[in-house]
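In: Generate coordinates for the sequence data below:
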Amino acid sequence: MSPPRPRPSLGYRSSANRSMRLPVVSVSTGRGVVMGFVSCLEDSPSVLMEGALGERLKREHRLHFDEHVAMASLVYSERGRAALCALWGEYADIAARYGLPFVATTPTRRANRERVAASSHGSSIIQDNMAVLREVQQRHASAPMYVGGLMGCRGDAYSGAPGPSAAEAQAFHSWQAELFALAGADFLFAGIMPTLPEAVGMARAMAGSGLPYVISFMVRADGALLDGTTVHEAIAAIDASSETPPVCYMANCVHPTVLHGALSQAFNRTSLVRSRFWGIQANAARLSPEELDGATDLATSDPDVLADEMMRLREDCGLRVFGGCCGTDGSHLEAIASRLGRCT
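Out: Down below sits the predicted model:
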């Protein structure tokens, strides 16, 4: 088992009363109350995160997404809810088979203030998505499961444009973060963050909600975000600028070999990165952000090969949270979980 990792003290507080300390969220299961989300990530040697949703919903379930809020609108159709629950249930069952805590997030990366206003839906879309994911959590109570609110950048995650300032990002993302807090999310997750200023503003908005949160970057093999900020620089800047820092940092929509190359860069081989960068939601394709953004065909890889590459990240870089992104399915999560199960 990996030794406990030192990191900044996390003091999550109610956004309604900054003098009140918010208790760590706990989850009730068939075995009673289990450790909260923060304790889970701190103390568990391995955590399984969900695999791909979007690509599978399109290709396997033939579902069409809303032009504004994308997958978030699926909870309003019977077919959409059933498909989401089936995929989450498949991933949760895999985690339970191997005795791993399981983490899942709402399909709301595009359901920000601007896009919701342009759609035919109201702000209740956040609560409605959380309610569906909570139902899955209640049906799969044989193992610890934590449900989070997924948020994303305002612009293009694969180019970083347009990139708001930190202050603009904080003001913009606070709307969604507060709605997730009201909906009772266990945590917040910022996915595919391409630039440092917006990631700083996102972190401040999430900290203001009083919920634990994770910042996940879009990372190139050269060791930097899309705006050229190194992983080390990004972590240092966000930790220093947020009222309460993220629980940890991750990368998503990146192949494990690409992330291994990024974290192996000399400027990222630091105690800060080692102690704060904890996970990956892996894309199954070894493609650049530009190639991923323009891809029309699904690129994937052998589940065992991908799982072995994920375990290399665990051994070499100390990662402990593992999930899938585009190109992954239950077979990839099964291969990853089976290896993680041997390590716990």
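In: Okay, now stretch 144-161: how far is its last residue from its first?
Out: End-to-end distance for stretch 144-161, by C-alpha to C-alpha, to the nearest Å: 38 Å.
In: What are the buried residues along it?
Out: Going by neighbour count (16 or more other C-beta atoms under 10 Å), the buried part of stretch 144-161 is 144-154, 157-158, 160. (C-beta placed from N, C-alpha, C; glycine too.)
In: Among those, name the ones in strands.
Out: Mapping these onto strands (DSSP state E) picks out M145, Y146, V147, G148, G149, L150, M151, G152.
In: Report the separation between the third one and A92.
Out: Translated: V147. 10 Å (C-beta to C-beta, to the nearest Å).
In: How about the fourth one?
Out: Using C-beta to C-beta, we find G148 at a distance of 14 Å from A92.
In: And for the second one?
Out: Here the distance between Y146 and A92 works out to 11 Å (C-beta to C-beta).
In: Find the residues that touch each one of these two.
Out: Shared contacts of Y146 and A92, defined by C-beta atoms under 8 Å, 6 or more residues apart in numbering, comprise F102, A104.
In: Can I take it that V214 is in a strand?
Out: Yes. V214: assigned to a strand according to DSSP: H, G, I helix; E, B strand; the rest coil.
In: Please renumber the chain so that the first residue is 25 from this point on.
Out: Got it, first residue is 25 now, which makes that one V238.
In: show me what contacts it?
Out: Per C-beta under 8 Å, 6+ apart, neighbours of V238: G172, F211, L212, F213, A214, P270, V271, C272, Y273, M274, G303.
In: What's the per-residue pLDDT of it here?
Out: For V238, the model assigns a pLDDT of 98.
In: Quickly list what it is bridged to.
Out: Here V238 sits in beta bridges with F213, C272, as judged by DSSP bridges.
In: residue ranges with poor pLDDT in this structure?
Out: 25-59, 311-323, 368 (pLDDT under 70).
In: Do a quick rundown of the helices in it.
Out: 61-67, 78-83, 102-121, 137-142, 148-163, 190-207, 220-232, 255-265, 280-287, 295-300, 313-318, 327-341, 354-367 (DSSP state H).
In: The longest one versus helix 148-163: what angle between them?
Out: Calculated by axes from the mean of the first three to the mean of the last three C-alpha atoms, to 10 degrees, helix 102-121 forms an angle of 40 degrees with helix 148-163.
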